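A.B. asks: This is a predicted model, with the sequence first.
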Amino acid sequence: DTAVSQTPKYLVTQMGNDKSIKCEQNLGHDTMYWYKQDSKKFLKIMFSYNNKELIINETVPNRFSPKSPDKAHLNLHINSLELGDSAVYFCASSQPDGSSYNEQFFGPGTRLTVL
Amino acid sequence: AQSVTQPDIHITVSEGASLELRCNYSYGATPYLFWYVQSPGQGLQLLLKYFSGDTLVQGIKGFEAEFKRSQSSFNLRKPSVHWSDAAEYFCAVGAWGNKLVFGAGTILRVKS
């Protein structure tokens, strides 16, 4: 069973459209994340949620709206897609255990191409 | 603010040769350090991590890394590179909110 899964794996769409990327984890983790890897392969965190509550929002445009229907899912909805949104989006999860840092487990990524 | 620097964008080594990928970090507290590998078109795989204790950390696929606090470094090493090691390698530091701050990556090419 895949621990962190993302759908779709590839997404090609036109500028101005609205699209969603789904992420599910079956690890029982409380915390989930979205990272963006741009065309230069630079990886940067976008959001994190802990038990459906937003923890981190790294100055991401309002067009990006994460939605967590339950702690096993963190979906990413993007409105009015722009060319610069083309990237690979990675979902991750971790489980807080009282220590200062908890390892993150990554999904396979979703390659978004905006034409 | 926390940051990670990987000074080498590309590295080419011969198969069977040794490898060292450099990583320097900037973080005010005790760092939690990671190396991830990304093969073309693939996701991120954790190679190894340093949280505390022994400063020489062993990982998967024969990789190791050494944490040097005095140099703010966490360099990745492998004694003998295989062609299948060709990939992009990312160093990262765990920061506030449990987020990962990544370096820009180093592309490893292996020549036969």
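C.D. replies: Received the coordinates, thanks.
A.B. asks: Residue B:73: how many residues sit nearby?
C.D. replies: 17 (other C-beta atoms under 10 Å in any protein chain shown). Heads up, the C-betas are built off the backbone N, CA and C, glycines and all.
A.B. asks: Could you find the closest non-adjacent residue to it?
C.D. replies: residue B:24 (5.3 Å; C-beta to C-beta, 6 or more residues apart in numbering or on different chains).
A.B. asks: Name all residues that make contact with the one you found.
C.D. replies: B:4-5, B:7, B:71-74 (C-beta atoms under 8 Å, 6 or more residues apart in numbering or on different chains).
A.B. asks: Give me the phi and psi for residue B:60.
C.D. replies: Dihedral pair for residue B:60: phi -80, psi 160, per degrees, to the nearest 10.
A.B. asks: Also residue A:68?
C.D. replies: Torsion angles at residue A:68 (phi, psi; degrees, to the nearest 10) stand at phi -120, psi 90.
A.B. asks: cool, and the one 4 residues further on?
C.D. replies: Dihedral pair for residue A:72: phi -90, psi -10, per degrees, to the nearest 10.
A.B. asks: OK, contacts around residue 62?
C.D. replies: The chain I'm using is chain A. If you count contacts by C-beta under 8 Å, 6+ apart, residue A:62 has none.
A.B. asks: actually chain B
C.D. replies: B:78-80.
A.B. asks: circling back to that earlier point, okay, and the beta partners of the residue nearest to residue B:73?
C.D. replies: residue B:5, residue B:73 (DSSP bridges).
A.B. asks: Do you know the pLDDT at it?
C.D. replies: Among the per-residue scores, residue B:24 holds a pLDDT of 96.
A.B. asks: swap in residue A:2?
C.D. replies: 69.
A.B. asks: How about residue B:43?
C.D. replies: On the pLDDT scale, residue B:43 gets 84.
A.B. asks: ditto for the one 3 residues further on
C.D. replies: Turning to residue B:46, the model gives it a pLDDT of 92.
A.B. asks: what do you get for the one 10 residues further on?
C.D. replies: The confidence metric pLDDT takes the value 96 at residue B:56.
A.B. asks: need the strands for chain B, in chain order.
C.D. replies: Remark: strands assigned in chain B by DSSP state E are B:3-5, B:10-14, B:19-21, B:24-26, B:32-38, B:44-50, B:56-58, B:64-68, B:73-78, B:87-94, B:100-102, B:106-111.
A.B. asks: list the helices and strands the first one packs on?
C.D. replies: Spelled out, it's strand B:3-5. strand B:24-26, strand B:87-94, strand B:100-102 (3 or more C-beta pairs under 8 Å, 6 or more residues apart in numbering or on different chains; DSSP states H and E).
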